[in-house]
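# How does the following fold in three dimensions:
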Amino acid sequence: MQKIIRWVNVLIVFLTLMTYLAPFVSPARFWPFAFIGLVYPTLLVFNLLFVVYWAVQRQWRALLSVGVILIGWNHFLGLVGFHFGQETVQGAPNIKLMTFNVYGFDDFHQRGLPAAANELESLVYLHQPDVLCMQEFLYDKQRGPAYLKALTQHNGLTHSVWKPAEELAIFSRYPILRSEVRYFGSTNGYRFADLQVGEQIIRVYNVHLRSNSITGLTNKVVDSGDLREKETWSSVGSILRNFKRAAQGRASQVEELMAHLANSPYPVLVCGDFNDIPQSYTYHRIRKKLDDAFLSSGSGIGITYAGRIPGLRIDYIFTDQRFTPVYCERGKVSFSDHRPVIAVIKL
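The predicted model follows:
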């Protein structure tokens, strides 16, 4: 039995090392690395369990999993933050930025409009953002006025850019001088807004990259899959094909996004639902130019996806070098499969 455990430990360590390579390989060239990166949180848990197991057995093999965790320490910090308390930057104004994928306000349909609208209002009031970026912002004439009122009248976000037929919205306490939007397809894309913050102009990007489109299939396999059935393996194949197309799509989308950022005449803040984890090519491309607010100033668990696939941090706030992230946290909600991310940024 001990021999089997040792070999399983070696396999887990090997797969963990493979996840560390995932950010450097474009899915357009070799997509399986992107899928391996997706299981890093699960591999991390197994490594921690092996550390405990071998430590109880008083065997040196505990060092194997300790070593692989330390080699990928930055990956570990992508899930768990240790910045307790807030920094101060003397004489510099700050901006509180919030990003939230509202899941098309699906809960507004299921729980009833008044309750859901009140929860949205309470959430925004609790965190008091100066700028709020929302993805999957689906507006309809019947329900839309209620959540617009919750944002604009009750929370002071009186400046906004959005359209009923689109899914990216930016709400702001600051005047919006200019805004443009670019959609890659029917839903995913990015919108920027130039904000007048005192005497300074800053550019805020609201981003939603291509979804993996595997949640429904994954739930089906988890809930009722039977490995003896052909239908289950067919679903697994569909999951892999959908993930491959999505990962390759995001690789192309992030290249276009970074080219657009490079031409910004103003300091940039970038936030949204990137549908990719810190062990991904997408994240690596962004981090080459921008700081991750959670890495710089977050504390606690950073997981932002609340669906059935565990351990995913896919919602981010990034800043360029002209900003200093001083605090970053997750919000708590019950009407979306994402958790909002809130950060205080010093100019």
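# Give me the helices and strands touching the longest helix belonging to the chain, please.
Scanning the chain for the longest helix, with DSSP state H as the assignment, gives helix 230-262. Judged by 3 or more Cβ pairs under 8 Å, 6 or more residues apart in numbering; DSSP states H and E, the packing partners of helix 230-262 are helix 32-38, strand 189-197, strand 200-208, helix 215-224, helix 281-287. For every residue, glycine as well, the C-beta is placed using N, CA and C.
# I'd like the next helix or strand past that helix.
Using DSSP states H and E, the helix or strand that follows helix 230-262 towards the C-terminus is strand 268-273.
# Could you spell out the sheet neighbours of that next one, each with its direction?
If you go by DSSP bridges, strand 268-273 pairs up with strand 200-208 (parallel), strand 315-319 (antiparallel).
# nearest residue to Val13 other than its sequence neighbours?
Spatial nearest neighbour of Val13, chain neighbours left out: Val68 (4.8 Å); criterion: Cβ to Cβ, 6 or more residues apart in numbering.
# pretty sure Thr99 is touching Asn206, no?
Yes - counting by Cβ atoms under 8 Å, Asn206 is a contact partner of Thr99 at 7.3 Å.
# Give me the common contacts of these two.
Common contact partners of Thr99 and Asn206 (Cβ atoms under 8 Å, 6 or more residues apart in numbering): 133-135, 271-272.
# Helix, strand or coil: sort out Ile345 for me.
Following DSSP: H, G, I helix; E, B strand; the rest coil, the label given to Ile345 is strand.
# domain parsing for this structure?
2-77, 94-213+240-346 (automatic domain parsing).
# which one of those is the most hemmed in?
domain 94-213+240-346 (a mean of 19; mean count of other Cβ atoms under 10 Å).
# re earlier: wait, which of the helices and strands packed on helix 230-262 is closest to Asn74?
helix 281-287 (9.5 Å; Cβ to Cβ).
# CA atoms only for that closest one, dumped as PDB, please.
Only the C-alpha atoms of helix 281-287 are listed here, as PDB (Å, rounded to 0.1, in the frame of the first residue of the first chain):
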ATOM      1  CA  TYR A 281      -1.500  31.800 -20.800                       C
ATOM      2  CA  THR A 282      -4.100  34.600 -20.700                       C
ATOM      3  CA  TYR A 283      -3.200  35.600 -17.100                       C
ATOM      4  CA  HIS A 284       0.500  35.400 -17.900                       C
ATOM      5  CA  ARG A 285       0.200  37.700 -20.900                       C
ATOM      6  CA  ILE A 286      -1.600  40.300 -18.800                       C
ATOM      7  CA  ARG A 287       0.700  40.000 -15.800                       C
END
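# For it, name the packing helices and strands.
Under the contact criterion of 3+ Cβ pairs under 8 Å, 6+ apart, helix 281-287 touches helix 230-262, strand 315-319.
# mind putting those in JSON lines, mean pLDDT and distance to Asp292 included?
Converted to JSON lines, these look like this (pLDDT from 0 to 100; distance: least, Cβ to Cβ, whole Å):
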{"stretch": "helix 230-262", "mean pLDDT": "85", "distance to Asp292": "14"}
{"stretch": "strand 315-319", "mean pLDDT": "97", "distance to Asp292": "6"}
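# I'd like to know which of the ones you listed lies nearest to Thr282.
When the helices and strands packed on helix 281-287 are compared by Cβ to Cβ, helix 230-262 sits nearest Thr282, at 4.7 Å.
# Least confident secondary structure element in the protein?
helix 215-224 (a mean of 58; mean pLDDT, DSSP states H and E).
# which stretches of the stretch 101-250 of the chain have low pLDDT?
106-116, 140, 142-143, 213-236 (pLDDT under 70).
# Would you tell me what helix or strand the spatially closest residue to Val161 that is not a sequence neighbour is located in?
Nearest in space to Val161, with sequence neighbours left out and distances taken as Cβ to Cβ, 6+ apart, is Ser179 at 4.2 Å. Ser179 is part of strand 176-183, with elements assigned from DSSP H and E.
# Can you list the strands that that strand pairs with?
strand 189-197 (antiparallel).
# quick one: the partner strand to helix 230-262, angle?
Using axes from the mean of the first three to the mean of the last three Cα atoms, to 10 degrees, the direction of strand 189-197 lies 40 degrees away from that of helix 230-262.
# Next, the residues that contact strand 189-197 from outside, please.
With Cβ under 8 Å, 6+ apart, strand 189-197 has contacts from 93, 95, 131, 161, 168-170, 172, 174-183, 201-208, 257, 260, 264, 266, 272, 347.
# For Ala306, give its distance to Leu38.
16 Å (Cβ to Cβ, to the nearest Å).
# My error: substitute Asn155 in the last question.
Distance, Asn155 to Leu38, using Cβ to Cβ: 35 Å.
# what do you get for Pro267?
The value you get for Pro267 to Leu38, if Cβ to Cβ is used, is 32 Å.
# With adjacent residues omitted, what lies nearest to Ser211?
Leaving aside its chain neighbours, Ser211 sits nearest to Asn275 (5.2 Å; criterion: Cβ to Cβ, 6+ apart).
# quick one: secondary structure of the one you found?
Taking three-state DSSP, the label given to Asn275 is coil.
# Report the contact partners of it.
208-212, 246, 250, 314.
# and which of these is nearest to Leu120?
Using Cβ to Cβ, His208 comes nearest to Leu120 of the contacts of Asn275, at 18.5 Å.
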